[in-house]
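S.K.: One predicted model, sequence on top.
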Amino acid sequence: MTGSDGTRVDLHVKVLDGGVVERAKARGLDVLVYAPHFTRWPTIERQAETFSDDELTVVPGREIFTGPWHDRRHVLALDLDAPIPDFITLDGAMAELRRQDATVLAPHPAFLSVSLGREQLLEYRHVIDGIEVYNPKHLPWHNRRAQSLASELGLPAFASSYAHLPGTVGEVWTTFEANLRTASDLAEALEDGTRRRLFHRSGYSHRTRKLLEFSHLGYENAWKKFDRIVLSGMEATHPGHVAYGGRFDDVRVV
């Protein structure tokens, strides 16, 4: 339920279950954007609807892995009309996002080898609706660099918990000065640059959550995951999956 001070949104989480929902509510969130890895859009939509209620709106999101595994660039998309696979070219993904008139966000910019860098942000800034300038996986200089990029490019900033671990949900949020009740409301607010304020918790507990999330990167980028996602070729979001009907064969990279 939106409060008098605006709508509190955690704009990017990877986990969702009953416990996550209860934690989000306890942290005073109104909206949660659920964008798990390697999960097809229809599944994400169903899960988001299942866990939404009058107190918390769960909005489906899709973090698309563009490019090959060793040089992948993540793009966070909301308000899709149709599924988009991973491991297609960045140009191909952006063209499809433009075609669908989707809401496009740049998570963790210029972060390691998994993000849009300054060159890509500059090239696609007419498509991008916001840049993430704080999440717990960032180290301090990552946040400063992200803030500098948002300012340089004149793009709205946002913050999220980027929670891969349930305990991180609600550690960070963006408060929009608008009453956002639906996924469409949030997409419109992001695209229109609606006024917002960025918040994160502080103190020992928050520092611990940051350390745990940063440490989790090792697991996220393990060879086992590479083998499961890339070499098996049978993941749900692989561009060769039968669900995509060959639509992305001309821009696939694996």
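M.R.: Right, received. Where do you want to start?

S.K.: Am I right that A102 is in contact with V75?
M.R.: No: using CB atoms under 8 Å, A102 is not in contact with V75; the gap is 9.7 Å. All C-beta atoms are positioned from the backbone trio N, CA, C, and that covers glycine.

S.K.: Just after the one helix or strand H142 maps to, pick out the following helix or strand.
M.R.: Element membership for H142, per DSSP states H and E: helix 140-153. Once the chain leaves helix 140-153, the next helix or strand it forms, by DSSP H and E, is strand 157-159.

S.K.: what lines up beside that next one in the sheet?
M.R.: Strand 157-159 has the following strand partners under DSSP bridges: strand 130-134 (parallel).

S.K.: what's the distance between G170 and T208?
M.R.: Here G170 is placed at a distance of 15 Å from T208 (CB to CB, to the nearest Å).

S.K.: swap in R62?
M.R.: The value you get for R62 to T208, if CB to CB is used, is 30 Å.

S.K.: Of these two, give the one with the bigger neighbour count.
M.R.: Higher neighbour count among R62 and T208: R62, with 25 against 12, using other CB atoms under 10 Å.

S.K.: for the strand or helix carrying T50, packing partners?
M.R.: Assigned by DSSP H and E, T50 falls within helix 41-51. Packing partners of helix 41-51 (3 or more CB pairs under 8 Å, 6 or more residues apart in numbering; DSSP states H and E): helix 18-26, strand 31-34, strand 57-66.

S.K.: Could you look over those and pick the most buried one?
M.R.: strand 31-34 (a mean of 26; mean count of other CB atoms under 10 Å).

S.K.: ok now do E213, which residues does it touch?
M.R.: 136-137, 162-165, 168 (CB atoms under 8 Å, 6 or more residues apart in numbering).

S.K.: out of everything not next to it in sequence, what's closest to it?
M.R.: Leaving aside its sequence neighbours, E213 sits nearest to P136 (CB to CB, 6 or more residues apart in numbering; 4.4 Å).

S.K.: correct me, but that neighbour touches T208?
M.R.: No: contact criterion CB under 8 Å: P136 and T208 do not qualify, at 9.9 Å.

S.K.: could you point out where the stretch 151-254 of the chain is predicted with low confidence?
M.R.: Along the stretch 151-254 of the chain, the parts satisfying pLDDT under 70 run over 218-234.

S.K.: Which residue ranges of it form strands?
M.R.: Along the stretch 151-254 of the chain, the segments classed as strands by DSSP state E, counting those that start in this stretch run 157-159, 172-176, 196-200.

S.K.: Which one of those strands lies nearest to K14?
M.R.: Nearest of the strands of the stretch 151-254 of the chain to K14, taken as CB to CB: strand 172-176 at 13.6 Å.

S.K.: Adjacent strands (with direction) for the closest one?
M.R.: strand 7-13 (antiparallel), strand 196-200 (antiparallel).

S.K.: Pull out the buried residues from the shortest one.
M.R.: Of all the residues in strand 196-200, those buried under the rule 16 or more other CB atoms under 10 Å are 196, 198, 200.

S.K.: re the thing from before, could you dump the strands of the stretch 151-254 of the chain to TSV with distance to W141?
M.R.: Supplementary listing: the strands of the stretch 151-254 of the chain in TSV, determined by distance: least, CB to CB, whole Å:
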stretch	distance to W141
strand 157-159	16
strand 172-176	17
strand 196-200	16
